[in-house]
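**Student:** What would the 3D arrangement of this be:
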Amino acid sequence: MLTLADVKLQRRIDAEDTSEDALLERLIAAAYRYAEAHTQQAIRPRTETVVLDGFPQLDHAIELPWYPLQSIDALEFIAPDGASQPLDENALRLDIREDPHRLYPRWGDRWPLTIAEPESVTITATVGYEETPDDIVHALQLLIGHWYENRESVVTTGTPAEVPMGVEMLLFNYRRHAVG
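**Tutor:** Numbering: from 1, shown residues only. Model (predicted):
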């Protein structure tokens, strides 16, 4: 994870100077959001939740909306009697070999029955990289540097400038492509 100290070092800002810490923290957060939107990946580690209107038929997969996925932390469902129940992680099979990652019941099992109501299954997971890849860190640093030096939405002197090309090139190999 890119830290304030990393950004200050790269921008050659004295570590003891706290006058722009709030700005730099906002730029770090914005750079992560930009990179995540551009790549369609969860870069920062965090907990995410998805709510479904039931399990798929039989033993079909649940396609998970996150990439990369570190772990499934909880899966809860509402049984036909209306009681909320956890599904033990040993009853799950996670396939992370492809994108999207898929969640199945364990071999030979089927998904449990749920109440016939919307929002009857809740999956909580830890997503993002445990350690941000170096080229993504470099792209974040370039973005932060660009925004730090160009604090207006439009460059008023010289030729108008876009986000530095190097950022897109560094993020290219991490970009998920969707069809449809």
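**Student:** Run the chain-centre distance for stretch 43-62.
**Tutor:** Centroid separation for stretch 43-62 versus its chain: 14 Å, with C-alpha atoms, centre = their mean, to the nearest Å.
**Student:** List the contacts of it.
**Tutor:** Contact with stretch 43-62 is made by 1, 32, 35-36, 42, 64-66, 70, 73, 77, 95, 102-105, 109-112, 114, 116-130, 132, 136, as judged by C-beta atoms under 8 Å, 6 or more residues apart in numbering. Placement of C-beta: from N, CA and C, glycine included.
**Student:** can I get the CA coordinates of the lowest-mean-pLDDT helix or strand in the chain in PDB?
**Tutor:** Ranked by mean pLDDT, DSSP states H and E, the helix or strand of the chain with the weakest confidence is helix 165-171, at a mean of 82. C-alpha atoms of helix 165-171 as PDB (Å, rounded to 0.1, in the frame of the first residue of the first chain):
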ATOM      1  CA  MET A 165       0.800   8.300 -20.800                       C
ATOM      2  CA  GLY A 166       3.100   6.300 -18.600                       C
ATOM      3  CA  VAL A 167       0.200   5.800 -16.100                       C
ATOM      4  CA  GLU A 168      -1.900   4.000 -18.700                       C
ATOM      5  CA  MET A 169       1.000   2.000 -19.900                       C
ATOM      6  CA  LEU A 170       1.900   0.800 -16.400                       C
ATOM      7  CA  LEU A 171      -1.700  -0.100 -15.700                       C
END
